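Asker: Kindly return the folded structure for what I paste below:
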Amino acid sequence: MPRNPILDTNAQLAEIERKFESMLDVMTNAARIGNDIQAQATTFIGKFEEASSQTDSSAKKAILVGVFALVIATLSPFAPMVVDYFSPNRTVPAIEALTREVVSADRAASADNQKLIEALKERDDQATGRIVEEVRRRQDETNAILRELIETLKDRNVPANP
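Answerer: Next comes the predicted model:
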């Protein structure tokens, strides 16, 4: 007689039970891993939200700094005009006074130079006059000496022009 299939059914059921228990261990581990992943994801999302809010705050501060820099860059060319408008400019009067002093000193120096030139001309004229007088005097002396020579030569009967 053939073997009773009921006996084999119990063995097969035992095998199926063992496989289910094995699968139950795998599923329990998978569920634990899933829970760990979910916990890590929750932590990550919390940290991400915190970092995101910090980034938003930093971005807002950076935008504020950029706007402030643009305002300064836009207004800084006008600062000298505002300062000039509200504060008296002492440079222009000082330059004008200095220019007047320089022009006055230049005129005085020109007048002094002109007087010096005139004095030098007068002295030059005087020196030239003395030189001319001296040259004439020496020429007269030379002429007198030559006349004496001619007279002496005439007395000796020597021709004056060879």
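
Asker: Just the CA trace of the helix or strand of the chain with the lowest mean pLDDT, in CSV.
Answerer: The least trusted helix or strand in the chain, going by mean pLDDT, DSSP states H and E, turns out to be helix 79-86, with a mean of 76. Extracted as CSV, the C-alpha positions of helix 79-86 are listed here (Å, rounded to 0.1, in the frame of the first residue of the first chain):
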residue,chain,number,x,y,z
ALA,A,79,28.8,113.0,0.0
PRO,A,80,31.5,115.5,-1.1
MET,A,81,28.8,117.8,-2.6
VAL,A,82,26.8,117.6,0.6
VAL,A,83,29.9,118.4,2.7
ASP,A,84,30.8,121.3,0.4
TYR,A,85,27.3,122.6,0.6
PHE,A,86,27.1,122.6,4.4
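
Asker: just how off-centre is that helix within its chain?
Answerer: For helix 79-86, the separation from the chain centroid amounts to 22 Å (computed by CA atoms, centre = their mean, to the nearest Å).

Asker: ditto for stretch 92-105
Answerer: Offset of stretch 92-105 from its chain centre (CA atoms, centre = their mean): 31 Å.

Asker: CA atoms of that stretch as PDB?
Answerer: Output of stretch 92-105 as PDB, limited to C-alpha atoms (Å, rounded to 0.1, in the frame of the first residue of the first chain):
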ATOM      1  CA  VAL A  92      39.300 129.000  -2.400                       C
ATOM      2  CA  PRO A  93      39.900 132.200  -0.300                       C
ATOM      3  CA  ALA A  94      43.200 130.800   0.800                       C
ATOM      4  CA  ILE A  95      44.300 130.200  -2.800                       C
ATOM      5  CA  GLU A  96      43.000 133.700  -3.700                       C
ATOM      6  CA  ALA A  97      45.000 135.300  -0.900                       C
ATOM      7  CA  LEU A  98      48.100 133.300  -1.800                       C
ATOM      8  CA  THR A  99      47.700 134.300  -5.500                       C
ATOM      9  CA  ARG A 100      47.500 138.000  -4.500                       C
ATOM     10  CA  GLU A 101      50.600 137.600  -2.400                       C
ATOM     11  CA  VAL A 102      52.500 135.900  -5.200                       C
ATOM     12  CA  VAL A 103      51.400 138.600  -7.800                       C
ATOM     13  CA  SER A 104      52.400 141.300  -5.300                       C
ATOM     14  CA  ALA A 105      55.700 139.700  -4.700                       C
END
